[in-house]
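Asks: Take a look and give me a structure for this.
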Amino acid sequence: MYFTDRGIEELESRRGEEEVTLAWLADKLRAFVDANPDFETAIERFATYLARDDEDDFED
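Replies: Residues are numbered from 1 along each chain as shown. All right, here's what the predicted structure looks like:
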């Protein structure tokens, strides 16, 4: 189990029944980066991954 799995599991257990929009998620990601600029690259990669998740040839 990766360390991040604990955070993912907490997210699922606390908010797993909620429905959110991608606009809400984008706002939360921006706020997170504003508060934690060291994670800018990771969040940018995560957002790009989510944006391109439906593409067959994701290699970035």
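Asks: pLDDT-wise, which helix or strand of this protein ranks last?
Replies: Least confident element among the helices and strands of the chain, by mean pLDDT, DSSP states H and E: helix 3-15 (a mean of 88).
Asks: separation between the residue nearest in space to the middle of the chain and Phe32?
Replies: For the chain, the residue whose C-alpha lies nearest the mean C-alpha position (C-alpha atoms, centre = their mean) is Phe46; its distance is 5.6 Å. As judged by C-beta to C-beta, to the nearest Å, Phe46 and Phe32 stand 10 Å apart. For every residue, glycine as well, the C-beta is placed using N, CA and C.
Asks: Helices along the chain, start to end?
Replies: Taking DSSP state H as the criterion, the chain contains helices spanning 3-15, 22-35, 40-52.
Asks: returning to that earlier point: please name the residues that touch the residue nearest to the centre of the chain.
Replies: Shown in contact with Phe46 (C-beta atoms under 8 Å, 6 or more residues apart in numbering): Leu29.
Asks: The same query, at a cut-off of 10 Å, please.
Replies: Phe46 makes contact with 29, 39 under the criterion C-beta atoms under 10 Å, 6 or more residues apart in numbering.
Asks: Distance of it relative to Gly7?
Replies: The value you get for Phe46 to Gly7, if C-beta to C-beta is used, is 13 Å.
Asks: cool, Arg15 as well?
Replies: Applying C-beta to C-beta, the value for Arg15 to Gly7 is 12 Å.
Asks: cool, Asn36 as well?
Replies: Applying C-beta to C-beta to Asn36 and Gly7 gives a distance of 14 Å.
Asks: Leu22 now?
Replies: From Leu22 across to Gly7, the span is 20 Å (C-beta to C-beta).
Asks: still on that earlier bit, overlap in contacts, Phe46 and Phe32.
Replies: Phe39.
Asks: any idea of the pLDDT on Thr48?
Replies: For Thr48, the pLDDT comes out at 95.
Asks: And for Asp54?
Replies: Reported pLDDT for Asp54: 80.
Asks: now the one 3 residues further on
Replies: The pLDDT attached to Asp57 in the predicted structure is 57.
Asks: Cool, thanks, signing off.
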